[in-house]
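S.K.: Just the structure for this:
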Amino acid sequence: MDKRKALIILQDLLKIKSVNNHEAQVADYIKLQFDQYPAAQVTVVNYAPGRSNLVITIHGDQPGKTLGLSGHLDVVSPGDIGAWQHPPFAGEMDTENVYGRGASDMKGGLAALIYVLLDLLKQKRSFAGTIRLFATVGEETGNYGAAQLTRQGFADELDALIVAEPSQLQVEYTHRGVIDYELAATGKAAHSANPTAGNNAIDQLFRFNTAINELMAPKTQVDPVLGPLLHNVTQIAGGEQINSIPARARLYGNIRTTPLYPNQPLMAEIEDLVAQLNEQPENELQLTYHYPESPLPGNPQAPFVQLFRKVASNTLGHQVAAVGDGGATDASEFIRAAQKFPVVIFGPGNESGHQVDEYVAIKDYLAAITIYQQVILQFLR
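M.R.: Numbers count the residues shown, from 1 in each chain. A predicted model of the protein is given here:
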């Protein structure tokens, strides 16, 4: 392994300010690395101006299975830059860590995948089948790059998928889904001294809140890996001033779903609940969903999961667990492809993602490269 080259790729990615947009700059950088290799088929899939997905396909010297690799190009905002000891877009490095927004989530994993494929091309490694790298836009705000690529059929031939999200070098085979919803209430303004002349929009939200808590209360089955279904009202806004009955109000909720309580049935129940409330003349509620993502079902005994565990355990020198993840990933979209396939979420990183002075440990980054390389070559042997 050329450690210097591997670290340069990571630092270069971290210097690009792809905060919730501008992913095309990252895609252009990656494309430039692969353009020197005729064996790499590079496809740019535009999502919007300045926002491009990238699909890189490499065929082996024999037919065989198709392995997908996935990483997203966007990062979240650094927040108060003055609070950072290491500038968020400088790619600074010391003897132990590389720092920057996205170092953990997840340019570390993406850079590792890029290095592995470039090394495979440079060394002209032999393998059977096809490798397809997906570099996606918009994961942090809705997974819509992965959704676009899936709709266009790029994932239809996959036999397995690696998502390089930070897993702290554990093998994750299942994760929660998410439903973010917005409920808008429309009432009628009036003076607070004469409330019956109006219709309090906030009261409508209170009725909904009571009703949805009653709807969720019986859903007590606990996923043995991911835990219970979670529902929280996380934002509420409304009203004009303290002595006026509010004509408008909004409520926002977040549901973390599991395979026991998948998204579509839950969304149908919530829609029915809102329709029932709207049958009452005092309620005028409008429900909107924001990028719902399905939970990822999985089997810890699947051969691909077990292959990953074996390689990771041998490389790291200790037994690596097969676990679940409480968050959602681009896998929620890719599993909508034409055929079913196992997914492993595995990547370098830690709990510093989305925090000040985000970092990835150099030893973890280099270990991930070794593990990805071995898994790819063994799966496509």
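S.K.: hey, let's count contacts and neighbours off CA atoms from now on
M.R.: Noted.
S.K.: starting at the chain centroid, how far to stretch 321-338?
M.R.: 8 Å (C-alpha atoms, centre = their mean, to the nearest Å).
S.K.: Check stretch 298-315 too.
M.R.: With C-alpha atoms, centre = their mean, you get 21 Å for stretch 298-315.
S.K.: Contacts for that stretch next, please.
M.R.: Outside stretch 298-315, the residues within contact range by C-alpha atoms under 8 Å, 6 or more residues apart in numbering are 160, 169, 171, 173-174, 319-323, 342-344, 367, 370-371, 374-375, 379.
S.K.: So which of these are in helices?
M.R.: Within the contacts of stretch 298-315, residues falling in helices by DSSP state H are 367, 370-371, 374-375, 379.
S.K.: what about burial for the residues you listed, which qualify?
M.R.: Buried members of the ones in helices among the contacts of stretch 298-315, scored by 16 or more other C-alpha atoms under 10 Å, are 367, 370-371, 374-375, 379.
S.K.: For the residues you listed, give me TSV that also has distance to residue 248 and pLDDT.
M.R.: As requested, these are exported to TSV (distance: C-alpha to C-alpha, whole Å; pLDDT from 0 to 100):
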residue	distance to residue 248	pLDDT
367	53	98
370	56	98
371	54	98
374	57	98
375	55	98
379	56	98
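S.K.: okay if I get these as TSV plus distance to residue 135?
M.R.: TSV is the format used below for those (distance: C-alpha to C-alpha, whole Å):
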residue	distance to residue 135
367	21
370	20
371	19
374	21
375	19
379	21
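S.K.: domain assignment for this structure?
M.R.: Split into domains by automatic domain parsing, the chain comes to 3-175+295-379, 177-293.
S.K.: Out of those, which one sits most buried?
M.R.: domain 3-175+295-379 (a mean of 20; mean count of other C-alpha atoms under 10 Å).
S.K.: Could you pull out the helices in this structure for me?
M.R.: Under the criterion DSSP H, helices of the chain are mapped to 3-14, 23-34, 108-123, 144-151, 201-216, 263-278, 303-316, 331-334, 362-379.
S.K.: Could you export those helices to JSON lines, including columns for distance to residue 101?
M.R.: Conversion of the helices of the chain to JSON lines gives the following (distance: least, C-alpha to C-alpha, whole Å):
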{"stretch": "helix 3-14", "distance to residue 101": "7"}
{"stretch": "helix 23-34", "distance to residue 101": "14"}
{"stretch": "helix 108-123", "distance to residue 101": "10"}
{"stretch": "helix 144-151", "distance to residue 101": "20"}
{"stretch": "helix 201-216", "distance to residue 101": "37"}
{"stretch": "helix 263-278", "distance to residue 101": "31"}
{"stretch": "helix 303-316", "distance to residue 101": "26"}
{"stretch": "helix 331-334", "distance to residue 101": "22"}
{"stretch": "helix 362-379", "distance to residue 101": "15"}
